[in-house]
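Undergrad: turn this into a structure:
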Amino acid sequence: MDGFDFSQFDGAGRVHKKAFIVSHIFLCYNSRLTNLKVATSTLLAICVLSTIARFYIRLFLQHQFSIDDFFLIFGVGCISCAIGTVYVVLDGLYLGMAMTSGDPSILSKIPPNWLEITYHYHKMVTISGILTWAAIVCVKMSFIFFFKKLIDRIRFMVIYWRITLAFNIVTSLYGFSTLIVACPYFNTLKICEFSAHLYSVI
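TA: Numbering: from 1, shown residues only. Down below sits the predicted model:
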């Protein structure tokens, strides 16, 4: 909603919105949530710079480009879009956590189109999850096809490679499906019930 102040919900979660943007990587250690002061944007920059360095070597020094390079390019694109998508819908995330906090004063602050925002957030965060998983799959496939060049003359290793490839394809498809099956309630009020349960455990 244009002009609506979403910043009033920035502190609704366990992690403030600004802290989430700067550092939203967590580790669970001894049943305690430890916030690592690592910026996602910094990690993404390292990822992109490493990829650029790799392709400089591949194209300008080795003068070659293969399928493992394609998977890596596609993976970097996927993770960049996934992170960007999450940042775009952060207002919806914190609005949802505020609404399920149990604070009665929140009801007077929520925007009139809160349901539309919830539906949009659900779709976008699902897309972000799919893109993130796609990036992970692309990195795995890049390694798999890179090692194919090293063992393509050893018969038993080629057989093992094919089994590994098939296993990774199956698990990759399963991973994509779980992102939809886990919460298939698009544009229905059931998403509100699911979100309430989800926010209560995070």
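
Undergrad: hey, where'd the strands end up in this structure?
TA: Along the chain, counting by DSSP state E, strands occupy 25-29, 32-36.

Undergrad: worst average pLDDT in these?
TA: Least confident of the strands of the chain, judged by mean pLDDT, is strand 32-36 with a mean of 38.

Undergrad: residue contacts, the residue nearest to residue 129 when sequence neighbours are not counted?
TA: Closest residue to residue 129 apart from its sequence neighbours, by CB to CB, 6 or more residues apart in numbering: residue 179 at 4.6 Å. From N, CA and C alone the C-beta is placed, and that goes for glycine too. Residue 179 makes contacts with 126, 129, 130, 133, as judged by CB atoms under 8 Å, 6 or more residues apart in numbering.

Undergrad: now residue 168: how far from residue 121?
TA: From residue 168 across to residue 121, the span is 31 Å (CB to CB, to the nearest Å).

Undergrad: now do residue 75
TA: 25 Å.

Undergrad: please apply the same query to residue 91.
TA: Counting by CB to CB, the gap from residue 91 to residue 121 is 8 Å.

Undergrad: looking at these two now, which is surrounded by more residues?
TA: Between residue 91 and residue 121, counted using other CB atoms under 10 Å, residue 121 has the larger neighbour count: 21 against 18.

Undergrad: hmm, that one is touching residue 94, no?
TA: No: applying CB atoms under 8 Å as the test, residue 121 and residue 94 come out as separate, 9.9 Å apart.
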